[in-house]
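Colleague: Got a predicted structure here, sequence first:
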4 protein chains.
Amino acid sequence: MQHKSHEECVSRLRKIEGQVRGVTRMIEDERYCIDILTQIHAVKAALAKVESEILKGHVETCVENAINSGDAAEQRQKFAELVDVLGKYRP
Amino acid sequence: MQHKSHEECVSRLRKIEGQVRGVTRMIEDERYCIDILTQIHAVKAALAKVESEILKGHVETCVENAINSGDAAEQRQKFAELVDVLGKYRP
Amino acid sequence: MQHKSHEECVSRLRKIEGQVRGVTRMIEDERYCIDILTQIHAVKAALAKVESEILKGHVETCVENAINSGDAAEQRQKFAELVDVLGKYRP
Amino acid sequence: MQHKSHEECVSRLRKIEGQVRGVTRMIEDERYCIDILTQIHAVKAALAKVESEILKGHVETCVENAINSGDAAEQRQKFAELVDVLGKYRP
């Protein structure tokens, strides 16, 4: 799907790629474990922001299209997908 | 809303109420902290099962009604509510 | 174990017991699912505060005792328990 | 710190770097949002495995050294760090 937020997400993901490379270097440089864990936590927080962005775009575009289509089967699928993908985060 | 799973949820919640009372007693009896934390974790896991049950009932009933109504505003609200309530669980 | 924060925790847990009873009533009164889910989320957040309190007391008292005892086996167990109980929360 | 698991972690992180690049490509190729979210979830699960590995190495090496040193201040710091870094994961 084409969303306005794509460039923003791509830019964030390139930074995250660099952050992951940074974590690899921290391990190779034998840096302190707790500092490495803190950095991995930061990578996950950055990924969570990308998720929020994509989720927002999904609701504004794909979900909105499903609503406007008036296609009940399509809407049902959109709900099921959302519950499924968001349900993964419940502890 | 009236859902088939209500009795199941009420029964689970009564057990959870007892579990919470059990945690209170553990603290009053000066039980070991780690055992108390483990028990609180079990309470949260039990609450998560009730959530799953309610979420399932919501999709099968309230969301399904919104789809069948063909009311776009109603559907839009159902999506927004789901994203909001499930989004709380993302770390 | 005896900790200063016990009264605080017991008081919080009594409130949580009432909150759980409130959720049961919401279901019996056929309240809207999303409102019930929001309330369950509040119960879990309240439980998380009790956990933090107990964890803090554990470190200040039980862990501190293990450190002061100079007993390596005891310290080893305290670390293992902490990693185990806190590790449950990692997604 | 030097841990036995370093090579394993570095190898996992190189794969994760590739996975992040894959997510970027999915966005550029305008793939379906839900598939992208599922893939980001997989990246976070892979990072969680690296965390577990590093945490295990930390306890076996750095924490074990602190215990064997008999240095109470050092042990106290190790506990505080663990609670701090693991506490970040509590919902």
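Modeller: That came in fine, so what should we check first?
Colleague: I'd assumed D:Gly57 was in contact with A:Leu37.
Modeller: No. Between A:Leu37 and D:Gly57 there is no contact under C-beta atoms under 8 Å: 10.5 Å. All C-beta spots, glycine's among them, are computed from the backbone N, C-alpha and C.
Colleague: Skipping adjacent residues, who's closest to A:Ile34 in space?
Modeller: D:Glu81 (4.8 Å; C-beta to C-beta, 6 or more residues apart in numbering or on different chains).
Colleague: Look at A:Arg90 and report its pLDDT.
Modeller: pLDDT, A:Arg90: 61.
Colleague: same thing with A:Glu51?
Modeller: Looking at A:Glu51, its pLDDT stands at 93.
Colleague: Report the separation between the residue nearest to A:Ile34 and D:Val63.
Modeller: To D:Val63, D:Glu81 is 9 Å away according to C-beta to C-beta, to the nearest Å.
Colleague: neighbour-wise, which of these two wins?
Modeller: Neighbours per residue (other C-beta atoms under 10 Å in any protein chain shown) separate D:Glu81 from D:Val63, with D:Val63 holding more: 25 against 19.
Colleague: Read off the pLDDT value for A:Leu86.
Modeller: 86.
Colleague: pretty sure it is touching B:Gly87, no?
Modeller: Yes. Under the criterion of C-beta under 8 Å, A:Leu86 makes contact with B:Gly87 at 6.7 Å.
Colleague: and for those two, which residues touch both?
Modeller: Shared contacts of A:Leu86 and B:Gly87 (C-beta atoms under 8 Å, 6 or more residues apart in numbering or on different chains): A:Leu55.
Colleague: Give me the more crowded residue out of those two.
Modeller: For A:Leu86 versus B:Gly87, neighbours defined as other C-beta under 10 Å are more numerous around A:Leu86 (21 against 14).
Colleague: Name the helix or strand for the closest residue to the more buried one other than its chain neighbours, please.
Modeller: In space, and not counting its chain neighbours, A:Leu86 is closest to B:Leu86: 3.6 Å by C-beta to C-beta, 6+ apart. Using DSSP states H and E, B:Leu86 sits within helix B:72-87.
Colleague: How far does that helix sit from its chain's centre?
Modeller: With C-alpha atoms, centre = their mean, to the nearest Å as the basis, helix B:72-87 stands 17 Å off its chain's centre.
Colleague: Hmm, the residue nearest to A:Leu86 is touching A:Lys88, no?
Modeller: No. Counting by C-beta under 8 Å, B:Leu86 sits too far from A:Lys88 to count as a contact (9.6 Å).
Colleague: Contact residues of chain A facing chain B?
Modeller: A:44, A:48, A:51-52, A:55, A:59, A:63-64, A:67-68, A:70, A:72, A:75-76, A:78-80, A:82-83, A:86-87, A:89-91 (C-beta under 8 Å from any C-beta of the partner chain).
Colleague: swap the cut-off to 7 Å and go again
Modeller: Applying C-beta under 7 Å from any C-beta of the partner chain, one finds that chain A approaches chain B through A:48, A:51, A:55, A:59, A:63, A:67-68, A:70, A:72, A:75-76, A:79, A:82-83, A:86-87, A:89-91.
Colleague: The spatially most central residue of chain A: what's its closest spatial neighbour, skipping adjacent residues?
Modeller: Central residue of chain A (C-alpha atoms, centre = their mean): A:Glu51, 2.2 Å from the mean position. Using C-beta to C-beta, 6+ apart and skipping the chain neighbours, the partner closest in space to A:Glu51 is D:Ile40 (5.4 Å).
Colleague: Any figure for the gap between that neighbour and A:Gln77?
Modeller: Taken as C-beta to C-beta, the spacing of D:Ile40 relative to A:Gln77 amounts to 20 Å.
Colleague: Compare the two (neighbour count), which wins?
Modeller: Shown here are D:Ile40 and A:Gln77; by other C-beta under 10 Å, D:Ile40 has more neighbours (23 against 13).
Colleague: give me every residue that touches the more buried one.
Modeller: Counting by C-beta atoms under 7 Å, 6 or more residues apart in numbering or on different chains, D:Ile40 touches A:47, A:50-51, D:23.
Colleague: In what element of secondary structure is A:Ala46 found?
Modeller: Element membership of A:Ala46, judged by DSSP H and E, is helix A:33-58.
Colleague: in the next helix-or-strand element following that helix, what counts as buried?
Modeller: Downstream of helix A:33-58, the first helix or strand assigned by DSSP H and E is helix A:64-69. Buried residues in helix A:64-69, counting neighbours by 16 or more other C-beta atoms under 10 Å in any protein chain shown, are found at A:64, A:66-67.
Colleague: tell me the pLDDT at the closest residue in space to A:Lys15 that isn't next to it in sequence?
Modeller: Once flanking residues are discounted, A:Lys15 sits nearest to A:Ala46: 7.0 Å by C-beta to C-beta, 6+ apart. Here the pLDDT value assigned to A:Ala46 is 96.
Colleague: Let me see the contact set for A:Arg12.
Modeller: By C-beta under 7 Å, 6+ apart, the residues touching A:Arg12 are A:46, A:49-50.
Colleague: again, but for A:Asp84
Modeller: Under the criterion of C-beta under 7 Å, 6+ apart, A:Asp84 has no neighbours.
Colleague: one step back: tell me how far the residue nearest to A:Ile34 lies from chain C.
Modeller: 11 Å (C-beta to the nearest C-beta, to the nearest Å).
Colleague: Quick check: that residue vs C:Leu82, distance?
Modeller: 11 Å.
Colleague: what do you get for A:Asp29?
Modeller: Separation of A:Asp29 from C:Leu82 (C-beta to C-beta): 27 Å.
Colleague: Have a look at these two and say which one is more surrounded.
Modeller: Between A:Asp29 and C:Leu82, counting by other C-beta under 10 Å, C:Leu82 is the more crowded of the two (22 against 8).
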